[in-house]
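J.: Task: produce atomic coordinates for the following.
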Amino acid sequence: MPFDGAREYRHSTKDAEIFALVGGEGPPLLLLHGFPQTHAMWHPVAPALMQQFTCVMPDLRGYGASSCPPNTPDNSAYSKRAMAEDMLSLMRSLGHSRFAVVGHDRGGRVAYRLALDHPGAPTCLCVLDIVPTSQMWREFTVDFAMKTYHWLFLAQPAPLPEMLLEKAPVAWIDYTIANWSKTKDLSAFDPRALDDYRESFARPEHIHAMCNDYRAGATYDRSADEADREAGRKIACPTLTLWGDAGFPSETSGPLDTWRDWCVDVVGAGIDAGHFVVEENPMETLGHLMPFLRRYAA
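T.: Residues are numbered from 1 along each chain as shown. As a prediction, the model looks like this:
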């Protein structure tokens, strides 16, 4: 994978061990992957970003080379709040008290939760192909629920989704990634990255952890979002939202309008891609990311 010059780094938080690649020079930039991926998703844009930023590319708890801590009855162990605290601890261990953060999918949910819970930490925020968790649950129609069935399936009580996914994990992940792309195939994905995703997802402890991630989304995360909305809290740092024109947010009532309700200062644009904007269209993604980060990341 094209992470030349990056080093492996491991950091123990209060209940998880987080793996990350760290490389580049310049202002610190935290890059957070989504489901069902790992840090490897950043490979198409990492070389360009590492020329101008110190990139920290972790695996979230329960994914990749990071650990899978036990869940809690309220699903807080896999909440985006807990994952955001992992990331804050990781960045502080590297000497970064303030940093830019870019997150895709589940990583985007961790990123905006970090911005809400720790407003002094992010210099700026970019969320890729998501709208807030509570808004997703509000937007469900029959058609939208069919497209995003995994939100309901993976959140089912254990061991139902685990029992089914463990029968054919690689076939399921290949089908899922292809189905969420604009071309409905795997042509946009580097085989080395796909192998990394497959290897991670094929482990039973990671399947269980990823299901716990979605269980948290249906419970703890949704409630945390709703509490922020009721309290009138907004994301204070400059925010950029990018979405695939065939991605999940394109099915909602309007991703940019939605984020305007959540942010003090937000801009956004659609990209010619499905859900995986970084891998499907890295040049257009960089075309939006770079000017934003150059302006606000320092």
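
J.: Enumerate every residue touching residue 20.
T.: Residues in contact with residue 20 (CB atoms under 8 Å, 6 or more residues apart in numbering) are 8-11, 39, 56-59, 90. C-beta here means a position set from N, CA and C on the backbone, and glycine is covered the same way.

J.: ah, wrong one, I meant residue 4
T.: If you count contacts by CB under 8 Å, 6+ apart, residue 4 has them with 23, 47.

J.: where does it land on pLDDT?
T.: As summarised for this prediction, residue 4 has a pLDDT of 91.

J.: picking that back up, give the ChimeraX command for selecting the buried subset of the contacts of residue 20.
T.: The command below creates a ChimeraX selection of those among the contacts of residue 20 that count as buried (16 or more other CB atoms under 10 Å):
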select :9,11,39,56,57,58,59,90
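
J.: Inside strands: which ones of the contacts of residue 20?
T.: In strands, judged by DSSP state E, the following of the contacts of residue 20 are found: 8-11, 56-58.

J.: Switch the residues you listed over to JSON lines; also include distance to residue 19 and pLDDT.
T.: Below are these laid out as JSON lines (distance: CB to CB, whole Å; pLDDT from 0 to 100):
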{"residue": "8", "distance to residue 19": "7", "pLDDT": "98"}
{"residue": "9", "distance to residue 19": "8", "pLDDT": "98"}
{"residue": "10", "distance to residue 19": "6", "pLDDT": "98"}
{"residue": "11", "distance to residue 19": "8", "pLDDT": "98"}
{"residue": "56", "distance to residue 19": "11", "pLDDT": "98"}
{"residue": "57", "distance to residue 19": "10", "pLDDT": "98"}
{"residue": "58", "distance to residue 19": "7", "pLDDT": "98"}
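
J.: Which of those sits closest to residue 293?
T.: residue 56 (13.7 Å; CB to CB).

J.: Remind me which helix or strand the residue nearest to the spatial centre of the chain belongs to.
T.: If you average the C-alpha coordinates of the chain and look for the closest C-alpha using CA atoms, centre = their mean, you land on residue 107, 1.7 Å from that point. Applying DSSP states H and E as the criterion places residue 107 in helix 106-117.

J.: Show me what that helix is packed up against.
T.: Contacts defined by 3 or more CB pairs under 8 Å, 6 or more residues apart in numbering; DSSP states H and E place helix 106-117 against strand 28-32, helix 80-93, strand 99-104, strand 122-128, helix 220-231.

J.: ok, 6 Å please
T.: strand 28-32, helix 80-93, strand 99-104, strand 122-128 (3 or more CB pairs under 6 Å, 6 or more residues apart in numbering; DSSP states H and E).

J.: Need the contact partners of it.
T.: Contacting residues not belonging to helix 106-117 are listed as 32-35, 80-81, 83-84, 101, 103, 122, 125, 127-128, 130, 133, 228, 235, 237 [CB atoms under 6 Å, 6 or more residues apart in numbering].

J.: Let me know the angle separating it from strand 99-104.
T.: Interaxial angle, helix 106-117 versus strand 99-104 (axes from the mean of the first three to the mean of the last three CA atoms, to 10 degrees): 140 degrees.

J.: quick one: average pLDDT of helix 106-117?
T.: Taken as a whole, helix 106-117 carries a mean pLDDT of 98.

J.: Tell me how far that helix lies from the chain's centre.
T.: Distance of helix 106-117 from the chain centroid (CA atoms, centre = their mean, to the nearest Å) equals 8 Å.

J.: for stretch 277-287, same thing?
T.: A distance of 15 Å separates the C-alpha centroid of stretch 277-287 from that of its chain, computed with CA atoms, centre = their mean.

J.: which residues in the stretch 151-298 of the chain form strands?
T.: Listed from the start of the chain, the stretch 151-298 of the chain has strands (DSSP state E, counting those that start in this stretch) covering 239-244, 266-271.

J.: residues of the last one that come out buried?
T.: Residues of strand 266-271 classed as buried: 266, 268, 270-271 (neighbour count, 16+ other CB under 10 Å).

J.: which residues in the stretch 151-298 of the chain form helices?
T.: Read by DSSP state H, counting those that start in this stretch, the stretch 151-298 of the chain holds these helices, from start to end of the chain: 160-165, 169-180, 191-201, 204-218, 220-231, 255-262, 277-280, 282-296.
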